[in-house]
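Trainee: based on what follows, work out the 3D shape:
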Amino acid sequence: MYSSIDDLLADTVIEARVTFRGLACTGWGIAGGTGCRIGFHAILSGECWVRTPASDAPTRASAGGLLVYRPTTDYLLAHGPLVSAPQTPVRLAPLSSRDSDRSVGLLCGYFDGGVANAALISTLPEFVFWPSATACPAPIAALLKAIGLCAHESNSRAFLLERLLEPLIMLVLRTVTVVPRSQLGLLRAHRDPKLRRLLTALHRQPSRRWTVGSMASVAGLSRSAFAEFFHQEVGQSPARYLQNYRLALAARLERRGGLSTDELARQCGYRSTAAFRRRLKRARAGQATSASTRQLGNGEFLFPLDDQCPDTDA
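Mentor: Predicted structure coming up:
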């Protein structure tokens with residue numbers, strides 16, 4: 001494990017998008033994720049209550065508070081402690097309005113890292129929550145204060161806020177994240193056109209009878225140079241990476257249902273159903289330290305699994 005996030009961020013362009021900026025007035029509750037991206041809620045003024053998976057009881061949040069969350073996080077942001085389900089706000093108002101009837105100033109949105117979204121999500125804890133400005137680390141609190149001032153300016157354009165939010169997620173990630181070596185290697189691989197070309201082919205044609213030689217040919221390298229280069233950049237051998245990807249793909253297809261074991265084996269590149277069963281069983285039950293167990297369906301691949309459609313004719 002690496003303790004530094006800097007290598008990961010150096011290989012990733014993260015863009016912020018604002019989906020709401022304003023006052024939520026009496027009677028509201030916000031829950032739900034943001035597709036396959038990291039979401040956020042910044043409390044700019046007033047007070048609200050936040051339920052997270054870490055506690056059964058809601059926590060009071062005030063100006064300067066921040067919630068950053070994975071898309072699957074079960075959370076609730078609400079105007080009062082007794083709200084237990086999402087509710088549409090009775091009324092919304094601009095931040096510049098003088099409405100003070102238990103109104104809460106919110107800035108909400110998400111961060112988009114493009115093809116690196118899966119990697120970014122997996123490096124973030126389920127959620128990060130600081131309930132107030134005093135609870136935030138000093139650099140994050142200072143940046144949130146500047147973001148709040150900009151958000152309250154009625155003539156501030158959304159893109160200005162979004163540019164300010166981009167260093168915010170970098171600070172959050174640097175504060176709370178420990179990055180697996182495999183994540184760093186795959187993001188470095190994304191920057192190399194030879195490896196990106198190969199990984200795209202592997203993901204699109206997992207059923208193909210791949211060899212180190214055929215992989216080297218796609219990458220445009222000699223067999224020996226390719227094997228050394230792949231291991232150096234990705235952190236594992238080409239054969240191990242392909243095996244892990246096929247097993248993760250098999251787990252996803254099995255959850256969807258509708259395929260026999262023979263068909264699952266064929267789509268995932270196994271000619272022997274018996275060997276496929278043994279390999280999948282070992283990966284499931286498996287040793288906690290094995291690469292296939294660690295990677296089975298957890299997104300430690302260059303592209304999210306759900307974005308890949310196997311070419312079963314290969």
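
Trainee: C-alpha only now, for contacts and for neighbours.
Mentor: Fine.

Trainee: walk me through the domains of the protein.
Mentor: Domain assignment for the chain, taken from automatic domain parsing, gives 6-179, 182-307.

Trainee: using the three-state scheme, assign residue 194.
Mentor: helix (DSSP: H, G, I helix; E, B strand; the rest coil).

Trainee: buried sites along stretch 198-218?
Mentor: Within stretch 198-218, the residues that count as buried by 16 or more other CA atoms under 10 Å are 198-199, 201-208, 215-216.

Trainee: now do the end-to-end distance for that stretch.
Mentor: 6 Å (CA to CA, to the nearest Å).

Trainee: ok, residue 133 to residue 59 distance?
Mentor: Counting by CA to CA, the gap from residue 133 to residue 59 is 14 Å.

Trainee: so those two - more neighbours on which side?
Mentor: More crowded of residue 133 and residue 59, by other CA atoms under 10 Å: residue 133, with 21 against 16.

Trainee: pLDDT wise, what is the residue most central in space within the chain at?
Mentor: Per CA atoms, centre = their mean, the C-alpha nearest to the average position across the chain is that of residue 121, at 2.1 Å. We note a pLDDT of 82 for residue 121 in this prediction.

Trainee: phi, psi for the closest residue to residue 31 other than its chain neighbours please.
Mentor: Nearest non-adjacent residue to residue 31, counting by CA to CA, 6 or more residues apart in numbering: residue 76, 4.8 Å away. Dihedral pair for residue 76: phi -150, psi 130, per degrees, to the nearest 10.

Trainee: is it true that residue 76 touches residue 82?
Mentor: No: contact between residue 76 and residue 82 fails when scored by CA atoms under 8 Å: they sit 11.2 Å apart.

Trainee: more neighbours, these two?
Mentor: With neighbours defined as other CA under 10 Å, residue 76 and residue 82 compare such that residue 76 has more, 19 against 10.

Trainee: please name the bridge partners of that one.
Mentor: Following DSSP bridges, residue 76 is listed with bridge partners residue 51.
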